[in-house]
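Visitor: can't give you the sequence, but here's the structure:
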């Protein structure tokens, strides 16, 4: 008598395994924070804007965002930004309020060579977007670093900077301490400064003043 072969179950097993994983994921997402984590990390994974290792930095910043010092009001920011622009002989200075939870930033003020330009005041845009250099800068700022790079035009803010003649920008967290991120300041230059360490130190000093 011929031996009967057991039916193949590989396809069923694979499908079942996938369904089980999906069910486990649904069970795990039992809070708004976990839902946001899944959505954010899935988006970043498919867009590939920066390394997967940055996920913990982002999530830690989100969970502590309600504890950090807040950015001062615009009338207090103005003299600080003006001194920063003058001391660094910068072309532009812009200050942004950030919201990691909803991936947004709001332009609070922008200074050009002729003084304050209100064209961008109140402009809302994404914090993480299509510009890899800005995304890398955000991660660096979450780690308490000032990040400098060539300007890449990817939105209205960078387009405005480009029209001012900016080719190189440095970005620093407000306040500058690691894990304390409520916004940031961007300083634009027509040419890369020769002493970036001095530039970064001056930006950190200004960022400290800009926080309450």
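Guide: Nice, thanks for sending it over. Predicted model only: the values in this text are computed from it and were never measured.

Visitor: can you map out the strands along this protein?
Guide: 92-99, 104-112, 115-116, 124-126, 147-150, 168-174, 183-189 (DSSP state E).

Visitor: out of these, nearest to residue 162?
Guide: Set against residue 162 and scored by Cβ to Cβ, those come closest in strand 183-189, at 9.0 Å. Where C-beta positions appear, they are placed from N, C-alpha and C, glycine not excepted.

Visitor: any weak-confidence spans in the protein?
Guide: Counting by pLDDT under 70, the ranges of the chain that qualify are 1-69.

Visitor: what are the boundaries of the helices in it?
Guide: Secondary structure of the chain (DSSP state H): helices located at 10-28, 32-47, 55-63, 74-88, 132-142, 156-163, 196-210.

Visitor: need the strands of the chain in JSON lines with mean neighbour count, can you?
Guide: Putting the strands of the chain into JSON lines (neighbours: other Cβ atoms under 10 Å) gives the following:
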{"stretch": "strand 92-99", "mean neighbour count": "22"}
{"stretch": "strand 104-112", "mean neighbour count": "21"}
{"stretch": "strand 115-116", "mean neighbour count": "12"}
{"stretch": "strand 124-126", "mean neighbour count": "14"}
{"stretch": "strand 147-150", "mean neighbour count": "17"}
{"stretch": "strand 168-174", "mean neighbour count": "26"}
{"stretch": "strand 183-189", "mean neighbour count": "26"}
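
Visitor: can you redo those as a markdown table with distance to residue 209?
Guide: As requested, these are arranged in a markdown table below (distance: least, Cβ to Cβ, whole Å):
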| stretch | distance to residue 209 |
| --- | --- |
| strand 92-99 | 11 |
| strand 104-112 | 14 |
| strand 115-116 | 18 |
| strand 124-126 | 25 |
| strand 147-150 | 20 |
| strand 168-174 | 9 |
| strand 183-189 | 10 |
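
Visitor: tell me which of those strands sits nearest to residue 156.
Guide: Between residue 156 and those, the shortest gap by Cβ to Cβ is with strand 124-126, which sits at 6.9 Å.

Visitor: what does that closest one rub up against?
Guide: The contact list for strand 124-126 (Cβ atoms under 8 Å, 6 or more residues apart in numbering) reads 103, 104, 105, 106, 107, 155, 156, 157.

Visitor: likewise stretch 198-212?
Guide: 69-72, 76-77, 80-81, 83-84, 87-88, 95, 146, 148, 170, 172-176, 180, 182-185, 187, 193.

Visitor: what do you get if the cut-off is 6 Å, keeping everything else the same?
Guide: Under the contact criterion Cβ atoms under 6 Å, 6 or more residues apart in numbering, stretch 198-212 has outside partners 69-72, 77, 80, 84, 87-88, 146, 170, 172, 174-176, 185, 193.
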